[in-house]
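Trainee: The amino acid sequence is not available; the structure is as follows:
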């Protein structure tokens, strides 16, 4: 009887723990799919993972600049970016997540005039109702 109660208690605890981690894992998966769409240069696929009023922000020192507001503006901005950088790719590294945010080191790479180039930035994706609500990008650094 004691073992049964203990087993039920452990099962309940484990199930609760797994469900508590689901939003973080789901958000990480969403960010990974968002970056996969970026790597395909598919702005419309990227838009599927963001809210209607998504905001893309650049953080530099004490300043925060709004780069894009809204899903359609994101699509237009990404289309222009992909046209200007047809070899641009991104890779996620060092992913951490909380209930509402996913942060990562993003390693961008592209073909420059003198060969393959790359840089790293820290990004934070903020979620609301399962969609990316805000993206914060910090200044890039050479690897």
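Mentor: Nice, I can see it. Predicted model, so just to flag it, every value in this text is computed and none were measured.
Trainee: number of nearby residues for the closest residue to residue 142 other than its chain neighbours?
Mentor: If the residues on either side of it in the chain are set aside, residue 142 comes closest to residue 119, at 5.9 Å by CB to CB, 6 or more residues apart in numbering. Where C-beta positions appear, they are placed from N, C-alpha and C, glycine not excepted. As a burial measure, residue 119 scores 14 neighbours (other CB atoms under 10 Å).
Trainee: Tell me if residue 119 really is in a strand.
Mentor: Yes - assignment of residue 119 by DSSP: H, G, I helix; E, B strand; the rest coil places it within a strand.
Trainee: That one and residue 110 touch, don't they?
Mentor: No - the pair residue 119 and residue 110 fails to qualify as a contact (CB atoms under 8 Å) at a distance of 9.1 Å.
Trainee: following the helix or strand hosting residue 32, which helix or strand comes up?
Mentor: Mapping residue 32 onto the secondary structure by DSSP states H and E places it in helix 2-39. Of the helices and strands lying after helix 2-39 in sequence (DSSP H and E), the nearest is helix 43-47.
Trainee: Give me the contact list for that following helix.
Mentor: By CB atoms under 8 Å, 6 or more residues apart in numbering, the surrounding residues in contact with helix 43-47 are 34, 37-38, 71-72, 74-76, 78-79, 82.
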